[in-house]
Structure formats: structure tokens, C-alpha cells
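Undergrad: Fold the following and give me the result.
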Amino acid sequence: MSDKQVFVDTNILVYAHDKDAGDKYRTARAAVESLWHRPIFPSISVQVLQEFYVNLIRKNVKASDVRETIVNYLEWDVINNDRKLLLEGMHLKDKLSISFWDALIVAAAKNAKAKELWSEDLNPGQNYEGVIVVNPLKKK
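TA: Got it, this is the predicted structure:
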């Protein structure tokens, strides 16, 4: 069990709750479940939770169920969207040539002092200023 700080991107959480996602559901579910048993809870951001909410509502999950799930994830290390994060996201967007939304995720992961950023959207193995992208859905 690793004590490395992990930041989890929205897509991993969505797959972990989307039973229609087949293998991705099973793999993401197991990966996210393992995070609850680590010595250090993972990090997520308010942005991740907002996107998670919107995506599950679009998949016709009951709002009350989504809210309950989000309350559970609030036990993790939650990085707030604030003016410092906004400025860092804008800076990283230009510096790293990534989308603004991805830059905010990287900024939040850096703010959390995460060593790994679990994401399917970013390139596995990519090092964003000390934060390494890991795709837990990819077969090893």
C-alpha cells in the first residue's frame, strides 16, 4: 500500500459509479475502492465534485444518490477552487499547453502535493511539474 499522495480526476470517479461502462466500471470501481484503504486519503477538488455531479445526473442517476456519494467523497482531501487556484490554472494552461480545465486539475493536484494524478484524459506518464499522470484503467 503506497503512502504517495494521489489526486483523482473526474473521469475516474464517474467510471467508478457508471455501471454501464463495462470493464471501465469494474476497473475504476476497484481502483477507487482501494483508495479508501490507504494511509493517506486521496485528493480531489471542488471542480472534480462539480463535474462528477453533472455527469452522473446526465446519466440519470438520482440526484439524492449523487449527493450522498459526494458527501462520502468529502471525507477525502478536497482542494477548494479559489483565486490562487484560478491564477495557477491560467498560468499552467499557457505554460503546459493544455486545456484550461485540465490545467485547473493539475493546479489542484499540485496544491494537494500529489505525486500522482489519476486520469484517463491526460497522457499516462506525463510529468506536470512533479505530478505524474497515471491511468488506473489502463492494463499494465
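Undergrad: Neighbours of residue 44, how many?
TA: Neighbour count of residue 44, defined by other CB atoms under 10 Å: 29. No exception for glycine: its C-beta is placed from N, CA and C like everyone else's.
Undergrad: cool, and residue 58?
TA: Neighbourhood size, residue 58 [other CB under 10 Å]: 9.
Undergrad: Verify the contact between residue 21 and residue 28 for me.
TA: Yes - with contact defined as CB atoms under 8 Å, residue 21 reaches residue 28; the gap is 7.4 Å.
Undergrad: of these two, who's got more company?
TA: A count of neighbours by other CB under 10 Å puts residue 28 above the other of residue 21 and residue 28, at 24 against 17.
Undergrad: For the nearest residue to that one once chain neighbours are set aside, give me its contacts.
TA: Leaving out its chain neighbours, the residue that sits closest to residue 28 by CB to CB, 6 or more residues apart in numbering is residue 15, at 3.6 Å. Taking CB atoms under 8 Å, 6 or more residues apart in numbering, we find residue 15 in contact with 21, 24-25, 27-29, 120, 137.
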